[in-house]
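Colleague: Sharing a model that was predicted from the sequence below.
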There are 2 protein chains.
Amino acid sequence: MNDKLELDKRKAFILATVVYEYINTAEPVGSVTLTQKYNLGVSSATIRNEMAELEAGGYLVQPHTSAGRIPSDAGYRTYVDRLMQPESLTKDDSRRIRDEFREASRELGDVIEQTTRLLSGLSGNLAIAIAPSRDSHAFKHVQLIWLSPRTSLIVIVTSGGVAAQRVAEWSTDVAADDLTRLSNALNSRFGGRVMEDVGAPDVDAVCAELHVTAQIRDAVRASFAAAREAGEPEIAAAGAQNLLDQPEFHDLRKLRAILRIVEEQRTLYDLIADELAADATGGTDPAPHVRIGHELRADELSECSVVTVPYRFGDRGVGMLAILGPRRMPYGRLIALASGTARSLGDHLNDVEIR
Amino acid sequence: MNDKLELDKRKAFILATVVYEYINTAEPVGSVTLTQKYNLGVSSATIRNEMAELEAGGYLVQPHTSAGRIPSDAGYRTYVDRLMQPESLTKDDSRRIRDEFREASRELGDVIEQTTRLLSGLSGNLAIAIAPSRDSHAFKHVQLIWLSPRTSLIVIVTSGGVAAQRVAEWSTDVAADDLTRLSNALNSRFGGRVMEDVGAPDVDAVCAELHVTAQIRDAVRASFAAAREAGEPEIAAAGAQNLLDQPEFHDLRKLRAILRIVEEQRTLYDLIADELAADATGGTDPAPHVRIGHELRADELSECSVVTVPYRFGDRGVGMLAILGPRRMPYGRLIALASGTARSLGDHLNDVEIR
DNA sequence: CCTGGCACTCCGCGGACCCGACTGCTAAGC
DNA sequence: GCTTAGCAGTCGGGTCCGCGGAGTGCCAGG
């Protein structure tokens, strides 16, 4: 593979057209097709020569001798990075997105799920969403509630909503007043902090001052840990059945691999998490990102591409939206869809955020 | 179809054997196979005659002339109802179930989800679980928590855990004391009731006594409504990729139909809900129930069967576990698995229930 | 009532075949 | 030197055919 092949204008156009045709038809595209459907001003023989060079350069491959060409990973990559013209949302799509979020739930898990359904419906592919990870939320309130002499409810509220709630059982009777006092102390101490800054030592300090039992201290500590830790990152996926329409998934083994990935949330999360980390740390504007075929570093997904977009929650972009589909996906449209949905999702979450 | 055909002993044995063979091999079974694999004491010609009569009686069908027989819906039905010998859990299975629940979550949604994963893994089919509907829970506690002068958190706890929590915003300042007084009044009034018996009028009465604002009254009323209503019944499904192993789902159209059903929770719920109603009202012991092929009243599922088992939560059996797979499923094993899992699930939920 | 035998049916599979869609190459033209 | 027409070659996919195997239904005889 000659990776220093410069693309002159005509080669670029041919490559772009091959990708475009293949995305639309799912058939390898040949030189004659190109001359017939596009006005190139040269004969098919010339195109053949050009295509042969593009293949030598690693941009195109032949599924077998005497077939047309299809794009390689590198071909798609150049298409996405340099040849494709960016699209914007159609009126219709943006209206549907707007309508959907207008009556969206206020509960994070539900919103995430609803968003994947929307995005899979619009994109005709598999949509995935990761909820903003909890640990960047601001502490709002903690309350120990007396239920019975030996049971209490511990609730922790953050800017993202109720982050932890658990029923605790005590081996000795506890007075409601003591619980209230502890709640007040914790609240005045932690008010205004972000959750990362509320650690076990802080909890211990407050508990020591008020001389609460070790049992209560441990329960409170555990509740804060639960509220703090990302725990199971909320993740949702929808639209697997869309993939059945794509000819590349008529092969049962590939299909099974995909389904397994979708059901194993862990794998699904890993697939997108690195992007998340990259975007969370980098100070750059959250932008759509495309990974193609082997760039995904998973054999089962070597014929897939993923479009990811972080979405902003407050002024920290920590959630992630993704579309998974065949490499042969309409990148322009999907990028626009994912970006638009991410923006609306972020706006919606900010609207329902606890102030 | 002669539906009054009585099955003599030999016909019964032949039918049972055909079903059994077909379940194991997925191949139409012929007369010679039967005589070879099972010691029948008669020749294949006799079997042929018997099978012809079983076909006339509607128990067997031929996929095409000159092929072996496969069971019809009625054939499976008689097998399940009268011919099959009930199985019990293997040591291995019950151990795995026990282990799974030992470290199961305490959160209802998570438990449900984990259970479907377990059951789909054990059964090699698609597993579905519906959480006990909320409205049979007992009221435990309500608390209005002061967050800021104009925002409060309302939490309602039932025997099933935190049933509703919402952040409310007020247009005028609210004192923490007022919230506490209201909480106390509501708690003393509603203590001991089941959630169905806590209606909007009850809330209104308490609010009127304490002269709280209409805004607060409405918010509390809405919270109770949210806690009371089944809302979106919690439902989970897992193991769709297991179905790919079954030859009957190699047909893409059937596969798509199934996947659509799994992703549309509404359909999935309807599929099982009638069983739930039947079992909740009837005072009989919760028992596994099998529906076969067209009994499911859904064309897409005409080649599927579903095993459903209600599970007890407290002394009301209102949740539901289900296994969906091809009609050609090992009924005995799956019934045992579903029952065993349902029992463990019920026990687990009772253990973590708030007392 | 059972059984061995026989003719028949139908599916699935492999092989042969052809057609169509490409390509690569070459030689000639601008 | 780039472009082009023409041509030979290659390969995949569809179709047709023929065959073997599995299984049935029926009949005649025990």
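Modeller: Sure, I can see it.
Colleague: What segments of chain A are helices?
Modeller: Along chain A, counting by DSSP state H, helices occupy A:9-25, A:31-37, A:44-56, A:73-78, A:91-102, A:108-123, A:176-190, A:200-210, A:214-228, A:252-263, A:265-281, A:331-352.
Colleague: okay, the angle between the first one and helix A:44-56?
Modeller: With axes from the mean of the first three to the mean of the last three C-alpha atoms, to 10 degrees applied, the angle from helix A:9-25 to helix A:44-56 works out at 90 degrees.
Colleague: from the middle of its chain, how far away would helix A:9-25 be?
Modeller: Remark: helix A:9-25 is offset 29 Å from the chain centroid, using C-alpha atoms, centre = their mean, to the nearest Å.
Colleague: relative orientation of that helix and helix A:331-352 in degrees?
Modeller: 70 degrees.
Colleague: and helix A:9-25, anywhere near DNA strand C?
Modeller: No - using C-beta under 7 Å from any atom of the strand, helix A:9-25 never reaches DNA strand C; the gap is at least 9.2 Å. In short, each C-beta sits where N, CA and C put it, glycine included.
Colleague: what mean pLDDT would you report for that helix?
Modeller: Here helix A:9-25 scores 94 as its mean pLDDT.
Colleague: Output the contacting helices and strands for it.
Modeller: In terms of contacts (3 or more C-beta pairs under 8 Å, 6 or more residues apart in numbering or on different chains; DSSP states H and E), helix A:9-25 is packed against helix A:31-37, helix A:44-56, strand A:70-71, helix A:73-78.
Colleague: re earlier: ok, which of the helices of chain A comes nearest B:Glu87?
Modeller: Nearest to B:Glu87 among these is helix A:252-263 (27.3 Å), distances taken as C-beta to C-beta.
Colleague: ok so, going back, what's the closest of the helices of chain A to A:Val157?
Modeller: Of all these, it is helix A:214-228 that lies closest to A:Val157, at 8.9 Å by C-beta to C-beta.
Colleague: Might one say that A:Gly68 is in contact with A:Gly30?
Modeller: Yes - with contacts counted by C-beta atoms under 8 Å, A:Gly68 reaches A:Gly30, the gap being 3.7 Å.
Colleague: Without its sequence neighbours, what residue ends up closest to A:Leu349?
Modeller: Residue nearest to A:Leu349 in three dimensions, not counting chain neighbours: A:Phe313, with 5.2 Å by C-beta to C-beta, 6 or more residues apart in numbering or on different chains.
Colleague: and the one you found, how many residues sit next to it?
Modeller: 22 (other C-beta atoms under 10 Å in any protein chain shown).
Colleague: got the contact list for it?
Modeller: By C-beta atoms under 8 Å, 6 or more residues apart in numbering or on different chains, A:Phe313 lies in contact with A:Pro132, A:Gly319, A:Gly346, A:Leu349, A:Asn350, A:Glu353.
Colleague: can you check A:Ile47 too?
Modeller: A:Ile47 touches A:Ile14, A:Ser31, A:Leu34, A:Thr35, A:Leu40, counting by C-beta under 8 Å, 6+ apart.
Colleague: which one of those residues sits closest to chain B?
Modeller: Lowest distance from chain B to the contacts of A:Ile47 (C-beta to the nearest C-beta) belongs to A:Leu34, with 31.5 Å.
Colleague: Apart from its chain neighbours, what residue comes closest to that closest one?
Modeller: The shortest distance from A:Leu34 to any non-neighbouring residue, by C-beta to C-beta, 6+ apart, is to A:Ile47 (5.4 Å).
Colleague: Equivalent analysis for A:Asp347, please.
Modeller: Closest residue to A:Asp347 apart from its sequence neighbours, by C-beta to C-beta, 6+ apart: A:Phe101 at 7.5 Å.
Colleague: Next, find the distance separating that neighbour from A:Arg312.
Modeller: 14 Å (C-beta to C-beta, to the nearest Å).
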